[in-house]
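*Asks:* Predicted model follows, preceded by the sequence.
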Amino acid sequence: MYDEIAAQNNESDGPSGCGPLLSTDTPDAKPLRQQVFEHVRANGRAARADVTRAIGISPGSATTLTADLIAAGLLREVEGLPRETGRGRPPVALEVVPEARHVIGIKLSDEVHSAVLTDFAGHILTSATLPSAPGLKSLDALLEEVDQLMDLVLQKGDKPLSDISAVGIGMPGIVDHDSGKVSWSPFLNESDLDLSTAFLARFGVPVHVDNDTNVLSLAELWFGAGRSISDFAVVTIENGVGMGLVLDNRLFRGARGMGLELGHTKVQLDGALCRCGQRGCLEAYLADYALAREAATALHRNPRMLQSPSEMLETLFAQAKSGNEAARTIFRRAGRYLSAGLSNVIQLFDPGLIILSGERMQYDFLYSEEVLAEMQKLTLSDGRTPCKVEIHAWGGMIWARGATALALEAVTDAALGEARA
C-alpha cells in the first residue's frame, strides 16, 4: 500500500545532470532553444540525435539550435558517448559549459543557515554553514548574517562575488516569490519586508526568494526523487510545517503565489497557540517548538531551564523509545494530526506521491504504520489508487541546493534571452 524508504543523506541515484527529466504538457511550453538546453542539462550529456527524438524537432533544427547555444558559450561538444557498433569515431555529445555561470543557494533557518555554490550544470563546488543568532532580528541583521555566510562559501570556492550571476534564498514564512517580499517569517521582527530590493542594494546581485519548502520541492524536482515524476507533494516537519506541490513538472505556488501553507491550516478551533499568533494550526501540534512545549510538561522540566528545543526533542524521543508512556502519547497525538494533514493534502490535490521530509523524520513515530493507516482511513479512497509515501530525512544542505535551482531557473531564462538577442 505504501512505498516507504529509509532515510537518505544523499540525492537519489539516477541519471547524471540536473533538472526535470520529463517534458511539460502545458500549452505555454518553453522556446525550442530553451528546451534543447534543458534537455542536455537534465541528461548530463546528449547527442543531437537524442535531442531530435526527445523534443520532436528535425535534425536540421537541432543542428541550428545547438549551434546557437554553442556560439553563446552555453553548450559545448565533447566525446564520450559509447559507440553503438564498437567501430568508428565515438559519437559527439553536447553538455552544458559549467563555468558559464555560477549561483549560490541559501537556506535560512532559526538555528543554522546553509549555503551551496554551484556551477551552471548544477554541480556543487562547495558549501558552508553559519549559526543563526537567536531571537527575532531585523532585516539588516539578517542580511549581515547572509553577508558572512556568502563570504564563507565564496572563500571556500575561491570565487569573487562578481562571478555570481544570482542567489536563491529559501526561508520559512509567507513569501511572495514574484516580488521578493516577505509578508511574515518566524525569525524577523517586522512584517511586509522587501528582501529582494534590500539584497540587491547591498550586494548588487539579483536574488530570488521563496518559502523554504518550495525550494526543498525544487531540490526533489531537480536533484532527487521528483526528477522523473510529473506530480508530487512535499510535506516538511522541522521548526515549522510546510508543503510544496509540483504539478506537471512545475512548482505550484497558488493563484497569487503565496499558497500551500499547510502548517497554518486549522485542525482545532481555539486550539494550541501557533507561533504565527493564531490558534489551532497544524504546526502548533507538529513543529519543533510544539513538541518541545509538550515535552517540558511530560519530562517535568523547569521552564526556566535553558535547553534548546532540539535537545528537548532528543530527550523526548529517547524516553519514548525506552517506553515512557507520556513521551509516547505526545508523538502519538502528533502522528494523528499529521495523518489528518496528509489526508487533506490527498483529498485536495490527489498526488501520486507524498514525500515527508525534514529533520523530524528521524522520529519514526511520525511515520509509523499506524500514522499512515490513519491517513488512509481518513481519505475517501473508493476508486483511488493509494497515495505512496516516501521518507526523506534530508540534512540542511539539500534545502540550500534547492535554492540553487531557484537561481538556476532565473539565470537560465536570462542567459537564453541574451543568446536570442
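*Replies:* Structure's in. What do you need?
*Asks:* Averaged pLDDT, the helix or strand where Ala296 lies. What do you get?
*Replies:* Using DSSP states H and E, Ala296 falls within helix 288-298. For helix 288-298, mean pLDDT is 83.
*Asks:* Give the closest residue to Glu294 in space, chain neighbours not counted.
*Replies:* Closest residue to Glu294 in three dimensions, ignoring its sequence neighbours and counting by CB to CB, 6 or more residues apart in numbering: Ile330, at 4.6 Å. All C-beta spots, glycine's among them, are computed from the backbone N, C-alpha and C.
*Asks:* ok, back up a step: which strands or helices does the helix or strand that the helix holding Ala296 is followed by pack on?
*Replies:* Under the assignment DSSP H and E, the closest C-terminal helix or strand after helix 288-298 is helix 309-321. When contacts are defined as 3 or more CB pairs under 8 Å, 6 or more residues apart in numbering; DSSP states H and E, helix 309-321 packs onto helix 288-298, helix 325-349.
*Asks:* What residues of helix 309-321 count as buried?
*Replies:* 309, 312-313, 315-317, 319-320 (16 or more other CB atoms under 10 Å).
*Asks:* for it, the distance to its chain's centre please.
*Replies:* Computed by CA atoms, centre = their mean, to the nearest Å, the chain-centroid distance of helix 309-321 equals 26 Å.
*Asks:* Please enumerate residues in contact with that helix?
*Replies:* Helix 309-321 has contacts (CB atoms under 8 Å, 6 or more residues apart in numbering) with 111, 239, 288-289, 291-292, 295-296, 298-299, 301, 326-328, 330-331, 360, 362-363, 365.
*Asks:* switch to 7 Å and redo it
*Replies:* With CB atoms under 7 Å, 6 or more residues apart in numbering as the test, helix 309-321 has contacts from 288-289, 291-292, 295-296, 298-299, 327-328, 330-331, 363, 365.
*Asks:* and which of the residues you listed is nearest to Gly280?
*Replies:* Tyr289 (15.3 Å; CB to CB).
*Asks:* Near that closest one, how many other residues are there?
*Replies:* Using other CB atoms under 10 Å, Tyr289 has 17 neighbouring residues.
*Asks:* One more: Ser228?
*Replies:* Ser228: 12 neighbours (other CB under 10 Å).
*Asks:* wait, what's in contact with it?
*Replies:* By CB under 7 Å, 6+ apart, the contact list for Ser228 reads 21-22.
*Asks:* for the one 5 residues further on, same thing?
*Replies:* With CB under 7 Å, 6+ apart as the criterion, the residues that contact Ala233 are 243-245, 345, 349, 351, 354.
*Asks:* swap the cut-off to 8 Å and go again
*Replies:* Contacts of Ala233 by CB under 8 Å, 6+ apart are 243-246, 345, 349, 351, 353-355.
*Asks:* Kindly state the pLDDT recorded for the nearest residue to it once chain neighbours are set aside?
*Replies:* Distances taken as CB to CB, 6+ apart place Pro351 nearest to Ala233, at 4.3 Å, with adjacent residues excluded. Note on Pro351: pLDDT of 92.
*Asks:* Is Pro351 in a helix, a strand, or coil?
*Replies:* coil (DSSP: H, G, I helix; E, B strand; the rest coil).
*Asks:* where's the residue nearest the centre of the chain relative to Ala93, distance?
*Replies:* By CA atoms, centre = their mean, the chain has its centre lying nearest to Leu216, at 1.0 Å. Distance from Leu216 to Ala93, counting by CB to CB, to the nearest Å: 31 Å.
*Asks:* Looks to me like Val175 is in a strand.
*Replies:* Yes. Under three-state DSSP, Val175 falls within a strand.
*Asks:* got the contact list for it?
*Replies:* Applying CB under 8 Å, 6+ apart, the residues near Val175 are 181-183, 185, 209-211, 258.
*Asks:* Recalculate using a threshold of 7 Å.
*Replies:* So Val175 contacts 182, 209-211 (CB under 7 Å, 6+ apart).
*Asks:* got those residues as a markdown table, with secondary structure and distance to Arg53 columns?
*Replies:* Output for the contacts of Val175, formatted as a markdown table (DSSP: H, G, I helix; E, B strand; the rest coil; distance: CB to CB, whole Å):
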| residue | secondary structure | distance to Arg53 |
| --- | --- | --- |
| Val182 | strand | 44 |
| Val209 | strand | 38 |
| Asp210 | strand | 34 |
| Asn211 | strand | 37 |
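*Asks:* the strands in the stretch 1-150 of the chain, which residues?
*Replies:* 75-79, 92-96, 102-107, 112-119, 124-131 (DSSP state E, counting those that start in this stretch).
*Asks:* so which of the ones you listed comes closest to Asn43?
*Replies:* When the strands of the stretch 1-150 of the chain are compared (using CB to CB), the closest one is strand 92-96, at 9.1 Å.
*Asks:* The residue nearest to the centre of the chain is in what secondary structure piece?
*Replies:* helix 212-223.
*Asks:* any idea how far Gly170 lies from Glu145?
*Replies:* Relative to Glu145, and taking CB to CB, Gly170 is found at 15 Å.
*Asks:* higher neighbour count, these two?
*Replies:* Neighbour totals were compared for Gly170 and Glu145, and Gly170 leads with 31 against 17 (other CB under 10 Å).
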